[in-house]
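Chemist: sharing a model prediction with you, sequence too.
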Amino acid sequence: MQLMTRQQRFPFVYTCLLVGVVIAASSLLTHVMYSAPAQSNKMYWYMARSSGFTAYSLLSLAVLLGASSTSGIWDKLKIRKLATQVHQYSAILVFPFLFFHLWGLYSDKSILFTWISILIPFIDSYRTVPTGIGILVLYGWLLLIVTSYFREKIGVKIWRAIHIGAFPMFILVTIHSILTGSDTGKLWSSLIYCVPSILLVIIVVKRLTGRRPQHLRPL
């Protein structure tokens, strides 16, 4: 069973190498430039925040493109192929930024997270429920991506049933971000949460109430 095509192998390997380089470089620079624990923690705190918002934005983009795939808008604009590629790559790119997010949380010692508490939901005492929800979304997104590679093997019906889980995952990760984020309440962070949420509601309402062109299939 082939997990990925030849065209997908290079971006996958490149992304893995890039993640390793960024982690190694950030660790080295932090050790050299920020030897004091407070400075080191602040650097990793910035990493956790920025990568968390980037992962959320990429996940939002993937969900919005997927939800709008049967609307016909991308065919009218004649950019369906581009929309499909952006949808797929943004969905995969969520993972390296999620890893940076987890690495920043683990390395920031102002709040003690272990790898076990980061990877197993609802066992850490720090904001237990919203943190656990974020971990569940991590595994849900991983399942969605893996089954997308096996789409031809598992069949479209099973793949679609799993893929529809992207909608509740988006809602849950938004709740996780609002309830755990230290920037919640600021105007710019509110826009990051509100704009894709409003767009998704509009797309879903139009999808449920409108007629879908029969020849279109999800991205």
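Modeler: Sure, I can see it.
Chemist: and residue 156, how many residues sit next to it?
Modeler: 12 (other CB atoms under 10 Å). The C-beta positions use only the backbone N, C-alpha and C, and glycine is treated the same way.
Chemist: distance of it relative to residue 118?
Modeler: Separation of residue 156 from residue 118 (CB to CB, to the nearest Å) stands at 34 Å.
Chemist: ditto for residue 105
Modeler: Counting by CB to CB, the gap from residue 105 to residue 118 is 6 Å.
Chemist: give me the contacts around stretch 86-102.
Modeler: 11-12, 15, 18-19, 22-23, 47-48, 51-52, 54-55, 58-59, 61-62, 65-66, 69, 118, 138, 141-142, 144-145, 148, 219 (CB atoms under 8 Å, 6 or more residues apart in numbering).
Chemist: may I see the ChimeraX selection of the buried members of those?
Modeler: Buried subset of the contacts of stretch 86-102, written as a ChimeraX selection, criterion 16 or more other CB atoms under 10 Å:
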select :15,19,22,23,47,48,51,52,54,55,58,59,61,62,65,66,69,118,138,141,144,219
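Chemist: inside helices: which ones of the contacts of stretch 86-102?
Modeler: Judged by DSSP state H, the subset of the contacts of stretch 86-102 located in helices is 11-12, 15, 18-19, 22-23, 47-48, 51-52, 54-55, 58-59, 61-62, 65-66, 118, 138, 141-142, 144-145, 148.
Chemist: contacting residues for residue 115?
Modeler: Counted by CB under 8 Å, 6+ apart, residue 115 has contacts residue 106.
Chemist: what's it sitting at in phi/psi?
Modeler: Dihedral angles of residue 115 (phi, psi; degrees, to the nearest 10) stand at phi -60, psi -30.
Chemist: buried ones in the helix or strand where residue 208 lies?
Modeler: Taking DSSP states H and E as the definition, residue 208 sits inside helix 187-209. Buried residues in helix 187-209, counted by 16+ other CB under 10 Å: 189, 192-193, 196, 200, 203.
Chemist: what packs against that helix?
Modeler: helix 37-67, helix 166-180 (3 or more CB pairs under 8 Å, 6 or more residues apart in numbering; DSSP states H and E).
Chemist: what sits up against it?
Modeler: Outside helix 187-209, the residues touching it (CB under 8 Å, 6+ apart) are 53, 56-57, 60-61, 63-64, 67-68, 70-71, 167, 170, 174, 177-178, 181, 183-184.
Chemist: pLDDT of stretch 78-92, averaged?
Modeler: Regarding stretch 78-92, the rounded mean pLDDT is 88.
Chemist: for residue 208, give its distance to residue 65.
Modeler: 18 Å.
Chemist: do the same with residue 173
Modeler: Per CB to CB, residue 173 is found 16 Å from residue 65.
Chemist: so where's this protein uncertain?
Modeler: The chain contains residues with pLDDT under 70 at 1-12, 35, 211-219.
Chemist: name the SS class of residue 185, please.
Modeler: Classification of residue 185 by DSSP: H, G, I helix; E, B strand; the rest coil places it in coil.
Chemist: next one: it from residue 178, what distance?
Modeler: 9 Å.
Chemist: kindly report the same for residue 88.
Modeler: 27 Å.
Chemist: what's the answer for residue 33, then?
Modeler: Counting by CB to CB, the gap from residue 33 to residue 178 is 33 Å.
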